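# got a structure for you, letters missing:
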């Protein structure tokens, strides 16, 4: 009897705990009306700023959000970064109206483990809270999305989520926000955009309305460096990136990069694949000189390229 | 529907009207004003009867690249240019001028579905010793590799428009944004995207971008 009642108490405690976490974190969660049919969710990340999934936000205008307690507010799109699937909205509403919105407590991802329980929160079109339960399916290092963006960590949940949850927070067992959930960027199991990435991208979007990316202006094909050439030029690189296209007036063009050049390294980091080059072209490098080690006509040369900004 | 003579146009109109699955939404006599008419009506498919020398004049001028999927009815002299245009413009179907009503209906439906259609009489002409030459042989051969190619073979080349769209896909833009940016219809974007996937042997955007970057098609 003793055992049974302890069991019942634990179960009730778990249930009551998860409800109260949802209740607390939901104070920062809004419904985002930016597409037909099912609305997505968003997190009130900074005062007056809501972060949401860019892909779920299918229009640029006439966006409204529903606050806890059901009130609707107009919101303007202040910036998108499709490469990390984030968009930020500025709330139009006087202070008292937005005052009911809370701010999320952010989690530190270093203690996150595969198999940990997480809660996901969203808001329905009527303004009620929506809750979901999932497991952390995959945890891994920073990764680059196929759209060229960088997520600070790999976090995937064990399942896909109801479309209303897109852009809503993923909450660890301490009640802190790990990141934003999105169905984009992957096919199986919701991807979590880590809080650190949301912080970084939100700052960029607030400042510029878009996220800058480094740009050189070349199209390249990975090639194997012939053994004779490696020996004669005393190289350790086995592969390089051969330039098959140079955009006129691009940073590479201005630095004299030409068709047939084989890039071996950028700032001493070897380039084994086009991924390696993309990893180099971060927003921070825009405007800075990058030292390219190039094989040109059988000889090793070094060319300084001033990294430009991706034209978009 | 578009044609250069009133008789041809009436014939096309009658044909479309007698078809159960097609709905005529507009007609244009002659080339002038066709662009405006298409912009006004926004049809799914343009059924166009072309005259001698017409396609050669259009080719390279880029003037038909913003059209909806187009099925052309062409005289024999235009076959070579029509096939060449298949890869670079909005032409999705090439039929001989003598094609029958059922063939025309099937071609229009296929074009609306984002497919490419070539009447066997058209390619037959290219294979014969009298009709073939180096260039048309290459064009006929180019029709083959719409099937997947292994990753290290270059495969058919992307058109300039397709390369442009591939770079926009790599930036994460969706069909709607690409259409808005390039001032073309979303339908045309989807048509080009399908062609890009076929040519690169990709089953989706992520794969197309991964392949495209490594072929030097995407500028970094």
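That came through, no problem. Owing to the predicted nature of the structure, the values given are computational and were not obtained by experimental measurement.

# residue B:122: how many residues sit nearby?
Neighbour count for residue B:122, taken as other Cβ atoms under 10 Å in any protein chain shown: 23. Any C-beta I mention is one placed from the backbone N, CA and C, and that applies to glycine too.

# same question for residue A:264.
Residue A:264 sits with 22 neighbouring residues when counted by other Cβ under 10 Å.

# packing partners for the helix or strand hosting it?
Secondary structure assigned from DSSP states H and E places residue A:264 in strand A:262-266. For strand A:262-266, the packing partners by 3 or more Cβ pairs under 8 Å, 6 or more residues apart in numbering or on different chains; DSSP states H and E come out as strand A:239-246, helix A:274-280, strand A:289-296.

# what about 6 Å?
Packing contacts for strand A:262-266, counted by 3 or more Cβ pairs under 6 Å, 6 or more residues apart in numbering or on different chains; DSSP states H and E, involve strand A:239-246, strand A:289-296.

# what strands flank that strand, and is each parallel or antiparallel?
strand A:239-246 (antiparallel), strand A:269-270 (antiparallel), strand A:289-296 (antiparallel) (DSSP bridges).

# quick one, which of those strands is packed in tightest?
Each of those was scored by mean neighbour count; the highest is strand A:239-246, a mean of 20, by mean count of other Cβ atoms under 10 Å in any protein chain shown.

# what's in contact with the helix or strand that comes right after that strand?
Secondary structure here is assigned by DSSP H and E; on that basis, the next helix or strand after strand A:239-246 toward the C-terminus is helix A:251-254. For helix A:251-254, the external contacting residues (Cβ atoms under 6 Å, 6 or more residues apart in numbering or on different chains) are A:216-218, A:246, A:305-306, A:308.

# how close does the residue nearest to residue A:212 when sequence neighbours are not counted sit to chain B?
Among residues not flanking residue A:212 along the chain, residue A:283 sits closest, at 4.2 Å (Cβ to Cβ, 6 or more residues apart in numbering or on different chains). Going from residue A:283 to chain B by Cβ to the nearest Cβ, to the nearest Å gives 14 Å.

# any idea how far residue A:283 is from residue A:205?
Distance, residue A:283 to residue A:205, using Cβ to Cβ, to the nearest Å: 11 Å.

# next one: residue A:287
Spatial separation of residue A:287 from residue A:205 under the definition Cβ to Cβ is 19 Å.

# quick one: which of these two has more around it?
residue A:205 (22 against 11).

# confidence score at the residue nearest to residue A:218 when sequence neighbours are not counted?
Setting aside the residues directly before and after it, residue A:218 is nearest to residue A:252 in space (Cβ to Cβ, 6+ apart), at 4.7 Å. Reading off the per-residue confidence, residue A:252 sits at a pLDDT of 96.

# can you put the strands paired with strand A:262-266 in TSV and add mean pLDDT?
Converted to TSV, those look like this (pLDDT from 0 to 100):
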stretch	mean pLDDT
strand A:239-246	92
strand A:269-270	89
strand A:289-296	94
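
# among those, which is nearest residue B:91?
strand A:239-246 (26.6 Å; Cβ to Cβ).

# need the three-state assignment for residue A:205.
Taken by DSSP: H, G, I helix; E, B strand; the rest coil, the conformation at residue A:205 corresponds to helix.

# and stretch A:152-162, end to end?
Start-to-end span of stretch A:152-162 (Cα to Cα, to the nearest Å) is 24 Å.

# now it, how far from the chain's geometric center?
What separates the centre of stretch A:152-162 from the centre of its chain is 12 Å, taken as Cα atoms, centre = their mean, to the nearest Å.

# in that stretch, what's buried?
Within stretch A:152-162, the residues that qualify as buried by neighbour count (16 or more other Cβ atoms under 10 Å in any protein chain shown) are A:152-153, A:155-157, A:161.

# mean confidence for that stretch?
Across stretch A:152-162, the per-residue pLDDT values average to 93.

# what residues go with each domain of chain B?
Under the assignment named as automatic domain parsing, the residue ranges that make up the domains of chain B are B:2-146, B:160-214.

# indicate which one of those is closest to chain A.
Chain A lies closest, by Cβ to the nearest Cβ, to one member of the domains of chain B: domain B:160-214, at 2.9 Å.

# let me know whether the closest one sits next to chain A.
Yes: using Cβ under 6 Å from any Cβ of the partner chain, we find that domain B:160-214 touches chain A at B:171-172, B:206, B:209, B:213-214.

# first to last residue in that domain, what's the distance?
17 Å.

# could you do stretch A:41-50 as well?
Taking Cα to Cα, stretch A:41-50 runs 9 Å from one end to the other.

# outside of it, which residues touch it?
A:28-30, A:32, A:51-52, A:88-89, A:91, A:101, A:104, A:122-123, A:167-169, A:202.

# hmm, which helix or strand of the chain has the shakiest average pLDDT?
Picking chain A for this. Lowest mean confidence among the helices and strands of chain A (mean pLDDT, DSSP states H and E): helix A:95-98, at a mean of 70.

# can you look at chain B instead?
Ranking every helix and strand in chain B by mean pLDDT, DSSP H and E puts helix B:134-142 at the bottom, with a mean of 45.

# before we move on, the earlier item: of the contacts of helix A:251-254, just the buried ones, ChimeraX syntax please.
Remark: buried members of the contacts of helix A:251-254, expressed as a ChimeraX selection using 16+ other Cβ under 10 Å:
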select /A:216,217,218,246,305,308
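
# now, among the contacts of helix A:251-254, which is nearest to residue B:201?
Distance ranking of these against residue B:201, using Cβ to Cβ, places residue A:218 first at 23.6 Å.

# buried stuff in the top helix by length along chain B?
Using DSSP state H to assign secondary structure, the helix with the most residues in chain B is helix B:186-200. Applying a neighbour-count criterion of 16+ other Cβ under 10 Å, the buried positions in helix B:186-200 are B:187-189, B:191-193, B:195-200.

# next helix or strand past it?
With elements assigned by DSSP H and E, the helix or strand that comes after helix B:186-200 is helix B:205-214.

# what separates that following helix from the chain centre, distance-wise?
For helix B:205-214, the gap between its own C-alpha mean and the chain's C-alpha mean amounts to 23 Å (Cα atoms, centre = their mean).

# swap in stretch A:118-131?
Its chain's C-alpha centre and that of stretch A:118-131 lie 22 Å apart, by Cα atoms, centre = their mean.

# what is the end-to-end distance of it?
One end of stretch A:118-131 to the other measures 11 Å (Cα to Cα).

# what mean pLDDT does it have?
Per-region confidence: stretch A:118-131 scores 95 on mean pLDDT.

# what residues sit buried inside it?
For stretch A:118-131, the neighbour count (16+ other Cβ under 10 Å) marks A:118-123, A:129-131 as buried.

# and what of stretch B:15-35?
Buried-residue list, stretch B:15-35, by 16+ other Cβ under 10 Å: B:15-16, B:19, B:22, B:27-29, B:31, B:34.

# what sits up against that stretch?
Outside stretch B:15-35, the residues that touch it by Cβ under 6 Å, 6+ apart are B:1-2, B:4, B:9, B:37, B:41, B:43, B:101, B:105, B:108.

# same question, stretch A:199-216
With contacts defined as Cβ under 6 Å, 6+ apart, stretch A:199-216 is touched by A:45, A:51, A:79, A:81, A:84, A:86, A:88, A:251-252, A:281-283, A:285-286, A:305, A:307-310.

# can you list the low-confidence ranges for the chain?
Looking at chain A here, since you left the chain open. For chain A, the stretches with pLDDT under 70 are A:1-8, A:94-96, A:186-187, A:312.

# actually chain B
Counting by pLDDT under 70, the ranges of chain B that qualify are B:56-66, B:87-88, B:124-155.
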